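# Sequence plus predicted model, see below.
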Amino acid sequence: MSKKGQIVAALLAPHPPHIVYAENPPQNEPTAECGWEVLRWGYERLRRDLEAVDYDTIVILSPHWQTYIGTHFLGVEHFKSLSVDPIFPNLFRFHYDLHVDVDLAESIEAEARSAGLVTKMMRNPDFRVDYGTIVSCHMTRPEWDKPIVGISSNRSEAFYNPEVMQEQAIALGRATRDAIERSGKRVLLISSNSLSHRHFTTESDVPEDMSNEHITNHHQYLWDMQAIEMLRNGRTREFIDIMPEFTEHAVGETDSGALSWLISALDFPSYNAELYAYGTVIGTGNAVIGWFPTVEVN
Ligand SMILES: [Fe+2]
């Protein structure tokens with residue numbers, strides 16, 4: 001019998017394009033002087049820790065690939081194009097070149113379908129991969145040498161309510177875990193989202209001018225701190241319980257279902273997570289958090 005696959009690490013890895021802009025990678029056209037260092041240094045420490053973790057594939061759910069009928073999966077082996085952030089084209093014009101683990105994508109899709117979810121493999125070779133996927137993957141693994149599985153955010157929160165969304169995200173998380181275990185692969189899971197997500201409506205002349213960067217309001221900050229304390233201290237079931245309220249009050253990007261999916265795929269971890277950073281980007285609250293499950297493989 002082949003080896004059982006496992007989730008070897010899982011991340012809350014938010015995707016403000018500003019942090020890629022401030023990193024000045026060769027793939028991005030605009031250049032920055034500096035900016036958002038706390039978050040970027042947090043990602044740096046995360047990458048250092050990930051060097052000790054051996055994994056085959058990155059599986060990521062992004063809030064910016066929005067699908068209204070079911071959950072979709074990238075189903076083409078290679079994508080290469082230019083990604084331009086629709087709100088911040090001045091910060092993010094990124095030339096991406098990425099590979100997809102289509103086998104694993106198909107396995108997760110089939111597992112989710114048999115669990116009763118509406119699903120679809122995305123087979124359009126000209127599809128433009130969303131910037132959430134690109135930013136989180138780049139900050140986690142700038143070498144771009146691991147294939148990814150891209151999963152869309154089914155907007156059932158907008159269609160129905162946060163409870164329906166979360167129920168479906170939890171079912172998708174279970175299906176993801178089952179398919180990974182059957183695949184024999186070692187997988188890094190990424191939930192690509194901010195926590196509180198109310199942002200400024202104007203930008204300063206110098207986007208990386210950090211004298212203008214702060215949380216939008218104290219109310220959002222209090223929600224972020226509560227969420228982080230739960231997530232880092234193994235109170236993930238409690239977080240899932242308050243998630244609908246958090247999403248509504250903090251205008252959370254958790255409306256995407258990404259974090260509920262990740263927590264479910266990890267089977268509601270009660271162990272501590274590593275908090276790498278918390279920082280604001282145009283007023284939104286962003287935490288970089290890592291879970292390192294120890295799974296026995298025989
Ligand atoms: Fe976003």
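Structure received.

# and the strand or helix carrying K80, what does it pack onto?
Assigned by DSSP states H and E, K80 belongs to strand 78-84. Using 3 or more C-beta pairs under 8 Å, 6 or more residues apart in numbering; DSSP states H and E, the elements in contact with strand 78-84 are strand 93-99, helix 131-140. Quick note: C-beta positions are derived from backbone N, CA and C, even for glycine.

# Save these as TSV, and put in distance to T216 and mean neighbour count too.
Output for these, formatted as TSV (distance: least, C-beta to C-beta, whole Å; neighbours: other C-beta atoms under 10 Å):
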stretch	distance to T216	mean neighbour count
strand 93-99	26	17
helix 131-140	20	27
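
# Low-confidence ranges, the stretch 1-150 of the chain, go.
1-2 (pLDDT under 70).

# Also the stretch 151-298 of the chain?
Scanning the stretch 151-298 of the chain with the threshold set as pLDDT under 70 gives 295-298.

# So which residues of it form strands?
186-191, 274-281, 284-291 (DSSP state E, counting those that start in this stretch).

# Helices of this structure, start to end?
Using DSSP state H, the helices of the chain run over 17-23, 37-50, 102-114, 131-140, 156-159, 162-183, 218-232, 236-249, 258-265.

# In TSV, list these along with distance to F200.
What follows is the helices of the chain, written out as TSV (distance: least, C-beta to C-beta, whole Å):
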stretch	distance to F200
helix 17-23	12
helix 37-50	17
helix 102-114	36
helix 131-140	19
helix 156-159	23
helix 162-183	25
helix 218-232	12
helix 236-249	19
helix 258-265	23
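
# Mind checking those helices for the one nearest to H64?
Judged by C-beta to C-beta, the one of the helices of the chain that comes nearest to H64 is helix 131-140, at 3.6 Å.

# Give me the angle between the closest one and strand 93-99.
80 degrees (axes from the mean of the first three to the mean of the last three C-alpha atoms, to 10 degrees).

# re earlier: I'd like the helices and strands packed on strand 78-84 laid out as JSON lines, including distance to E109.
Rendered in JSON lines, the data for those read as follows (distance: least, C-beta to C-beta, whole Å):
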{"stretch": "strand 93-99", "distance to E109": "18"}
{"stretch": "helix 131-140", "distance to E109": "17"}
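
# Please name whichever of these is nearest to H78.
Closest approach to H78 among the helices and strands packed on strand 78-84 (C-beta to C-beta): strand 93-99, 5.7 Å.

# list the helices and strands that closest one packs on?
Contact here means 3+ C-beta pairs under 8 Å, 6+ apart; on that basis strand 93-99 packs against strand 78-84, helix 131-140.

# Tell me which residues are up against it.
Strand 93-99 has contacts (C-beta atoms under 8 Å, 6 or more residues apart in numbering) with 20, 27-30, 77-85, 129, 131, 134, 137-138, 144, 147-148.

# With I289 as the reference, name the closest of the helices of the chain.
helix 218-232 (5.8 Å).

# Check which residues of the closest one are buried.
Buried positions in helix 218-232, judged by neighbour count with 16 or more other C-beta atoms under 10 Å: Q220, Y221, W223, D224, Q226, A227, I228, M230, L231, R232.
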